[in-house]
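Trainee: Please work out how this folds:
(6 chains)
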Protein chains: 6
Amino acid sequence: MAVVRSVEYADASSEVRAVYDDIMATRKTDWVNNFWKALANDPVTLRRTWESIKQIMAPGALDPLTKEMVYVAVSVTNQCNYCIASHNAGARKRGMTDAMFHELMAVVGMANETNRLAAGYQVEIDDQFI
Amino acid sequence: MAVVRSVEYADASSEVRAVYDDIMATRKTDWVNNFWKALANDPVTLRRTWESIKQIMAPGALDPLTKEMVYVAVSVTNQCNYCIASHNAGARKRGMTDAMFHELMAVVGMANETNRLAAGYQVEIDDQFI
Amino acid sequence: MAVVRSVEYADASSEVRAVYDDIMATRKTDWVNNFWKALANDPVTLRRTWESIKQIMAPGALDPLTKEMVYVAVSVTNQCNYCIASHNAGARKRGMTDAMFHELMAVVGMANETNRLAAGYQVEIDDQFI
Amino acid sequence: MAVVRSVEYADASSEVRAVYDDIMATRKTDWVNNFWKALANDPVTLRRTWESIKQIMAPGALDPLTKEMVYVAVSVTNQCNYCIASHNAGARKRGMTDAMFHELMAVVGMANETNRLAAGYQVEIDDQFI
Amino acid sequence: MAVVRSVEYADASSEVRAVYDDIMATRKTDWVNNFWKALANDPVTLRRTWESIKQIMAPGALDPLTKEMVYVAVSVTNQCNYCIASHNAGARKRGMTDAMFHELMAVVGMANETNRLAAGYQVEIDDQFI
Amino acid sequence: MAVVRSVEYADASSEVRAVYDDIMATRKTDWVNNFWKALANDPVTLRRTWESIKQIMAPGALDPLTKEMVYVAVSVTNQCNYCIASHNAGARKRGMTDAMFHELMAVVGMANETNRLAAGYQVEIDDQFI
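Mentor: Below you'll find the model as predicted:
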């Protein structure tokens, strides 16, 4: 009852298909992952979310691989299993090697540790950082 | 009573000074930030944490700037104000421009949003990601 | 070894049965969900938690549907899969339509995004909000 | 150095002013809060974030007051002080009474508690919720 | 406007005073901390929360000091500054030494790190743990 | 593709085997759990993480059982299912009874609740706690 149905291309409205087509064209793939098929139940959120991600993840001052690795870092911090799996795949596709993945995890782990040490020791922000 | 005292260089034991000296030498600075001065109340944790960070943040498969930006991404996700301030400064020092900071924030914000959409819609991991 | 056993009605003590009976009577159902069957291993926590939830989720200044949707919003933010599933079902039972669920997810996603933008940009609280 | 400067209306570019004008017109106020003045350092993110929030927070299947209260619930769960202050103010403006605020906090607190009880007891999702 | 007023003893209703009196008697102190003075705006939540905490934090299978240290561990993980300050004080009062505080922080930091390593490496639960 | 392979003892390099041997010797077991077999893909992180945990979890000012229970408290707060399962098992092995587990969960749940009440009511830190 509470489960969200996946909207497959064959069953999708033309407005949903337009987003699916743009996802596949932008990513140069021939399939759409489950995240979008779930969001497609709400075509307004589907379009807004896709347009935002497309703008944000495009090459800019940061390259797409760095952006995907940042996405993984946030998803790991939040324990979002779906997002870890999908953005790991995205980062791999853009060139993340095993060595890069290992260092990324080391940084994410350490940051989560020192975030708590800073809080627990109630460290005050240095004047030099203001 | 509950507040943690900062251990200044002048008052530090030789084992704490050795860590402070290594921090300043490694970072090519002449000061130590409050995080380490708080941890110095526990010299064992001070040394272990510094040795770990020194190893993790050194250049490797990922460059130091990318690592600092990942640190910022995690700290922002966890709402750790001290860590946001200190690692923003660290990333700036290693070359993060305004444009890079803006894109970093955009990715971090978006990842935090889609992490929750994936959870709320209970999206199943695609076979292609396994 | 580490797994928590479910306490079924047939095997429950009279004090646990009394809580189960009150849950079913209050909710007008003929079954008790796994959350309570797990807590029943600790009858003190079972009773306290049920009494608190019963008081908090009763109609008041906020209606029960709004309360269930807030519960979903928190559970999605925390990535608690059990709670997402159970409170989605609870909200549906109290009248949450597809359109309401979609808007709820959009707000939860956006709030998680702007929470991080506010932290990352280290925004100061406006005097007007104090 | 790491601190983000607020972009005041007088100093803003025409594209930033256009967003500020729309914020004030939409909200029927004569001022813009610090969140937007910080984001204005990145006009692309400013516009995208405002357009998204404007779409998401507009009246729909959920009324604006309910949406503001959900925003508060998420912000409290994430410990985002800025967002708690600003969305509390937003909810008050849309009619949240003291009694509603108190019940909102009670639900948010309880949800954060039972989210952890469900995790700690490793509760399995009931078939009825699937 | 959005700010919550503290309810001082002199201004409190008799039902609020009864809770304040019980807090001071239970804790053998002559003052009430700000948390309760804020909750006192909602006497129902004040009483329920106090009764729950009084029951939970009483000596039992775990001693009060261990309970206070667990409270600190959770508060540090959630970056709740108020709760870190108040429960650090509580733990100190019940006998937490500097050495204990330091080890507590080390465990909390490490757990936050390995929580993310487990997520990032998508580690499957061993059969021995089920 | 994105999945991390487990490094079994038979396939491990001598440096990885040295860590596995130390884990088994320290814990007096004849097997290594999946967390370490996943980290073994990055021998540097494997060794650093194991050395840190070995130092942190050793008996000291806090006994090993208390440390394992704090680990569970953090893991439950972060919703890390692997860590909940593994550290519950670790705590059981060191003597955590059912009654202790129940009280631990009650404290963790309550702390997560009051962390949010303190944030939502924007409670100021008492002078007595500074």
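Trainee: alpha carbons only for contacts and neighbour counts from here, please
Mentor: OK.
Trainee: wait, what's in contact with the spatially closest residue to residue A:83 that is not a sequence neighbour?
Mentor: Nearest residue to residue A:83 in three dimensions, chain neighbours excluded: residue A:75, at 5.8 Å (CA to CA, 6 or more residues apart in numbering or on different chains). Counting by CA atoms under 8 Å, 6 or more residues apart in numbering or on different chains, residue A:75 makes contact with A:81, A:83, A:84, B:111, B:112, B:115.
Trainee: One more: residue A:6?
Mentor: Counting by CA under 8 Å, 6+ apart, residue A:6 makes contact with A:34, A:37, A:38, A:40, A:41.
Trainee: does the first one really touch residue B:128, like I thought?
Mentor: No - contact status for residue A:34 versus residue B:128: not in contact, 10.3 Å apart, counting by CA atoms under 8 Å.
Trainee: okay, these two: which has more neighbours?
Mentor: A side-by-side neighbour count of residue A:34 and residue B:128, using other CA atoms under 10 Å in any protein chain shown, places residue A:34 first with 20 against 12.
Trainee: Look up how far residue A:65 lies from the more buried one.
Mentor: Separation of residue A:34 from residue A:65 (CA to CA, to the nearest Å) stands at 22 Å.
Trainee: And residue A:41, by the same measure?
Mentor: 30 Å.
Trainee: Likewise for residue A:100?
Mentor: Applying CA to CA, the value for residue A:100 to residue A:65 is 11 Å.
Trainee: Can you tell me the closest non-neighbouring residue to residue A:66?
Mentor: Going by CA to CA, 6+ apart, residue A:66 has residue B:66 as its nearest residue, at 7.3 Å.
Trainee: and the contacts of residue A:6 as a markdown table, adding distance to chain C, pLDDT and secondary structure?
Mentor: A markdown table is the format used below for the contacts of residue A:6 (distance: CA to the nearest CA, whole Å; pLDDT from 0 to 100; DSSP: H, G, I helix; E, B strand; the rest coil):
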| residue | distance to chain C | pLDDT | secondary structure |
| --- | --- | --- | --- |
| A:34 | 16 | 97 | helix |
| A:37 | 14 | 98 | helix |
| A:38 | 11 | 98 | helix |
| A:40 | 10 | 98 | coil |
| A:41 | 8 | 97 | coil |
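Trainee: what subset of these is also close to chain B?
Mentor: A:34, A:38 (CA under 8 Å from any CA of the partner chain).
Trainee: so can I have CSV of the contacts of residue A:6 showing distance to chain D?
Mentor: Shown next, in CSV, are the contacts of residue A:6 (distance: CA to the nearest CA, whole Å):
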residue, distance to chain D
A:34, 17
A:37, 18
A:38, 15
A:40, 16
A:41, 15
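Trainee: Just among the contacts of residue A:6, which is most surrounded?
Mentor: Within the contacts of residue A:6, most neighbours by other CA under 10 Å means residue A:40, with 25 neighbours.
Trainee: wait, residue A:76 sits on residue E:119?
Mentor: Yes - at 5.9 Å, residue A:76 and residue E:119 qualify as touching, with contact defined as CA under 8 Å.
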